[in-house]
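In: Need a 3D model of the sequence below.
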Amino acid sequence: MPLAFRPGEAFQFDWSEDYAVLGGERTKLQVARIKLSLSRAFLVRAYLLQTHEMLFDDHWHGFRVFGGVPERGIYDNMRSAVNRVGRGKERQVNMRFLAMANHYVFEPEFCNPAAGWEKGQVEKSVQDARPRL
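Out: Residues are numbered from 1 along each chain as shown. Presented below is the predicted three-dimensional model:
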């Protein structure tokens, strides 16, 4: 089923892992991907860790590059955003993550567990980017 979005309605976010040679050593990177749901414009940034600070930094850069903040963000149930997954759409959202969402004035929306297709655009880019061994 195709998903349809209005301009400025939503973005999707996900992390993936990749490797790069930094200072002559193979280093695992945490790759943040933020993608507008309608235009599919995206920003990809690599970090050494998946901390709140890196998550917030990626959103700041994304909203700056996109020229604004969509109404809602679509996420999986990553630990930096969700402390506990309840029944259905019930989530105990991490307070630092919620403060970031409130600061930028967007509504976070979380996929059902193991349902990556609910944010299929960014999930596809994560799948395509997985390291091949």
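In: list the contacts for residue 30?
Out: Shown in contact with residue 30 (C-beta atoms under 8 Å, 6 or more residues apart in numbering): 15-17, 46-50, 54. Any C-beta I mention is one placed from the backbone N, CA and C, and that applies to glycine too.
In: For PyMOL, what selects the buried ones among these?
Out: Restricted to buried positions by 16 or more other C-beta atoms under 10 Å, the PyMOL selection for these reads:
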select buried, resi 15+16+46+47+54
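In: Pipe the contacts of residue 30 into a markdown table and attach secondary structure per row.
Out: Below are the contacts of residue 30 laid out as a markdown table (DSSP: H, G, I helix; E, B strand; the rest coil):
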| residue | secondary structure |
| --- | --- |
| 15 | strand |
| 16 | strand |
| 17 | strand |
| 46 | strand |
| 47 | strand |
| 48 | coil |
| 49 | coil |
| 50 | coil |
| 54 | helix |
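In: ok, the contacts of residue 30 vs residue 65, which is closest?
Out: Residue 65 lies nearest to residue 46 out of the contacts of residue 30, by C-beta to C-beta, at 15.4 Å.
In: Fine by me, thanks again.
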